[in-house]
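S.K.: Let me see the structure of the following:
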Amino acid sequence: MSEAGATPQKSLIDRWSNVSLARRITIAAALWGLLVLIGGAVALSAVYRAQTLALLERDLQETLVTLSRELIREDAFMVDGRITNTDRDFFPRDVRFQTQYSGQYWAVVGINPDGTIAGDFRSKSLWDEDVPITPELITRAVAAPGITQFGNYAGPADQRSRVAAQAILIENRPTPLILMAAADRSPNDASATAFRNLLLGTMIALFGGVFAAMLLGIRYSLNPLAKLQADIARVREGDAQKLGGDYPAEVRPLTEELNKLIEHNRDVVERARTHVGNLAHALKTPLAVLKNEAAGQTQLDDVVRRQADAMQTNVEHYLKRARMAARAETIGARTDVRPVIDGLARLLNRLFDAKGIEVTVEGSASAIFRGEQQDFEEMIGNLMENACKWAASEVKVVVADTPQGLTIEVQDDGKGLSMEEREAAMKRGVRLDETTPGTGLGLSIVKELAELHKGQLELGVAALGGLSAVLRFPRP
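M.R.: Below is the predicted model of the structure:
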């Protein structure tokens, strides 16, 4: 159960670990940028909405102050605390208070001991609507006389109003009066909404510009890594011996360590070659002594000679394979193909001139083998020499350098090999014709050496009628 639950999480982590650095930075920056910009837009719009509401409440407070100033006139109340002369024109004179449902309202409300409205007189703008004040707001105002309380009210005329209420205590009056001022807050809300939309649009445009600049910055910042990759490829392909050029301070330690690694690789390969050579010399002498000491005609001499020959064959094979493996691991080795093949063709034309063999070379003149010249000479030399041994009169070498890789085909016009013979010829130590000199290691060595260089050897039927031996090396 726990393993099944952990699999999706592990899979997600694995997928994220494969995401490129540029994409990681882009995603992280985009998420953070969206969070900051959207959060900023929401916060600023909230501040603006609160500020417009505060301005509206300040206007309502000023209306209440005007009402209270008029009501404290000496002739405004009777002895028992009732309001008198309510028809006098001493209340707020703003024309909006005289226009029906203008959005600006005031009222002076009398209340009963139980908190209900006993009566009121009001601005003409209220007309015959109920006084826009809630019982909850009345209760709060009565509980704190002289302090303005604010609330919302759905009306009059279905307007969403902001209401300010303040209770004042009157001498000889058993209950306080409630001074009320209200205003339609729809224009303020619309203004806040328009500001929010404008702000969001601005933030989105800003985010687009910042994101584009960030992408350019990321691409520019990661250019040294692309250059490093290209330089490493040049070293691997043999176009350069080490990483060069100017790199930023953050990348320079990496290039220095890579250069040290390349140099160390070369040193290891050179030491391996030296050890293989020393081992070869150390083994040849004892084997030669054994063969010389077994020069007699006894059964023991014959056994020693045969075993010494087998030991020498195995030593030659494995020492040659060790040398090939060491050379194949060399970083940056490269060989021009045509000069090597053309040189071998001239040599073989002279050696097999008496047999009437002609060796020709066709194909790309700029082909490159990604490996050391000694390895390439050993592979192509073996194939070309075998072709000359079995050809009737002609050997052709065709070089093809394509986007898929390097292909070299050696053809002859000899009798060729059957399918079974081609399979047997690839095995180490197998000789199809005991009358020709050799150890039977030629094609097996070529096959192993090609595989060490990520390539392959294929045997088939040539267009000339004989054997076709094809070396294929994929593009690195």
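S.K.: hey, let's count contacts and neighbours off CA atoms from now on
M.R.: Will do.
S.K.: next structured bit after the lowest-mean-pLDDT helix or strand in the chain?
M.R.: Counting by mean pLDDT, DSSP states H and E, the chain has its least confident helix or strand at helix 2-17, which shows a mean of 53. As assigned by DSSP states H and E, the chain's next helix or strand after helix 2-17 is helix 21-71.
S.K.: What segments of the stretch 201-350 of the chain are helices?
M.R.: Using DSSP state H, counting those that start in this stretch, the helices of the stretch 201-350 of the chain run over 252-293, 299-328, 337-351.
S.K.: so how far is the longest one from its chain's centroid?
M.R.: Pointing back at helix 252-293 there. Distance of helix 252-293 from its chain centroid, counting by Cα atoms, centre = their mean, to the nearest Å, is 42 Å.
S.K.: What of stretch 232-243?
M.R.: Relative to its chain's centre, stretch 232-243 lies at 26 Å (Cα atoms, centre = their mean).
S.K.: cool, and stretch 33-41?
M.R.: Relative to the centre of its chain, stretch 33-41 is centred 24 Å away, using Cα atoms, centre = their mean.
S.K.: follow-up on the earlier one: what would the helices of the stretch 201-350 of the chain look like in TSV with distance to Gly416 and mean pLDDT?
M.R.: Below are these laid out as TSV (distance: least, Cα to Cα, whole Å; pLDDT from 0 to 100):
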stretch	distance to Gly416	mean pLDDT
helix 252-293	35	75
helix 299-328	26	68
helix 337-351	20	92
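S.K.: Now render those helices as TSV, adding distance to Arg422.
M.R.: Listed next are these as TSV, based on distance: least, Cα to Cα, whole Å:
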stretch	distance to Arg422
helix 252-293	31
helix 299-328	20
helix 337-351	24
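S.K.: need the ones you listed in TSV with distance to Val47 and mean neighbour count, can you?
M.R.: What follows is the helices of the stretch 201-350 of the chain, written out as TSV (distance: least, Cα to Cα, whole Å; neighbours: other Cα atoms under 10 Å):
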stretch	distance to Val47	mean neighbour count
helix 252-293	49	14
helix 299-328	71	16
helix 337-351	76	17
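S.K.: right, so of these, which gets closest to Met419?
M.R.: helix 299-328 (25.3 Å; Cα to Cα).
S.K.: can you list the weak-confidence ranges in the protein?
M.R.: 1-19, 72-92, 237-238, 273, 275-278, 280-281, 314, 316-333, 428-442, 476 (pLDDT under 70).
S.K.: Using the record's domain definitions, break it down for me.
M.R.: Annotated domains of the chain cover 77-186, 261-328, 335-474 [automatic domain parsing].
S.K.: in which helix or strand would I find Gly411?
M.R.: Wrong residue type there; residue 411 is Gln, not Gly. Per DSSP H and E: strand 405-412 holds Gln411.
S.K.: Dump whichever helix or strand comes after that strand to PDB, restricted to CA.
M.R.: Downstream of strand 405-412, the next assigned helix or strand under DSSP H and E is helix 419-425. Written as PDB, here are the backbone C-alpha positions of helix 419-425 (Å, rounded to 0.1, in the frame of the first residue of the first chain):
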ATOM      1  CA  MET A 419      26.100 -17.700 -45.100                       C
ATOM      2  CA  GLU A 420      27.500 -20.400 -42.800                       C
ATOM      3  CA  GLU A 421      31.100 -19.500 -43.800                       C
ATOM      4  CA  ARG A 422      30.500 -15.800 -43.100                       C
ATOM      5  CA  GLU A 423      29.200 -16.600 -39.600                       C
ATOM      6  CA  ALA A 424      32.200 -18.900 -39.000                       C
ATOM      7  CA  ALA A 425      34.700 -16.300 -40.300                       C
END
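S.K.: So which bits of the helix or strand following helix 419-425 are buried?
M.R.: Using DSSP H and E, the next helix or strand after helix 419-425 towards the C-terminus is helix 442-452. For helix 442-452, the neighbour count (16 or more other Cα atoms under 10 Å) marks Gly442, Leu443, Ser444, Ile445, Val446, Lys447, Glu448, Leu449, Ala450, Leu452 as buried.
S.K.: Please identify which of the domains of the chain is closest to Ala43.
M.R.: Closest approach to Ala43 among these (Cα to Cα): domain 77-186, 20.5 Å.
S.K.: ok but Val108 is inside a strand, no?
M.R.: Yes - per DSSP: H, G, I helix; E, B strand; the rest coil, Val108 lies within a strand segment.
S.K.: Pull up the gap between it and Thr66, please.
M.R.: Between Val108 and Thr66 the distance is 12 Å, computed by Cα to Cα, to the nearest Å.
S.K.: Ok, Gln166 next?
M.R.: From Gln166 to Thr66 the distance is 12 Å (Cα to Cα).
S.K.: wait, what's in contact with the residue lying closest to Pro403 once chain neighbours are set aside?
M.R.: Leaving aside its chain neighbours, Pro403 sits nearest to Arg475 (7.0 Å; criterion: Cα to Cα, 6 or more residues apart in numbering). For Arg475, the contact set (Cα atoms under 8 Å, 6 or more residues apart in numbering) comprises Pro403, Gln404, Gly405, Leu406.
S.K.: can we see that at 10 Å?
M.R.: Arg475 makes contact with Phe369, Arg370, Asp401, Thr402, Pro403, Gln404, Gly405, Leu406, Lys454, Gly455, according to Cα atoms under 10 Å, 6 or more residues apart in numbering.
S.K.: Name the strands paired with the strand or helix carrying Ala167 and say parallel or antiparallel.
M.R.: Assigned by DSSP H and E, Ala167 belongs to strand 160-168. Strand pairing for strand 160-168, using DSSP bridges, gives strand 149-154 (antiparallel), strand 177-184 (antiparallel).
S.K.: Make JSON lines out of those strands and add distance to Ser102 and mean neighbour count.
M.R.: Listed next are those as JSON lines, based on distance: least, Cα to Cα, whole Å; neighbours: other Cα under 10 Å:
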{"stretch": "strand 149-154", "distance to Ser102": "15", "mean neighbour count": "17"}
{"stretch": "strand 177-184", "distance to Ser102": "8", "mean neighbour count": "27"}
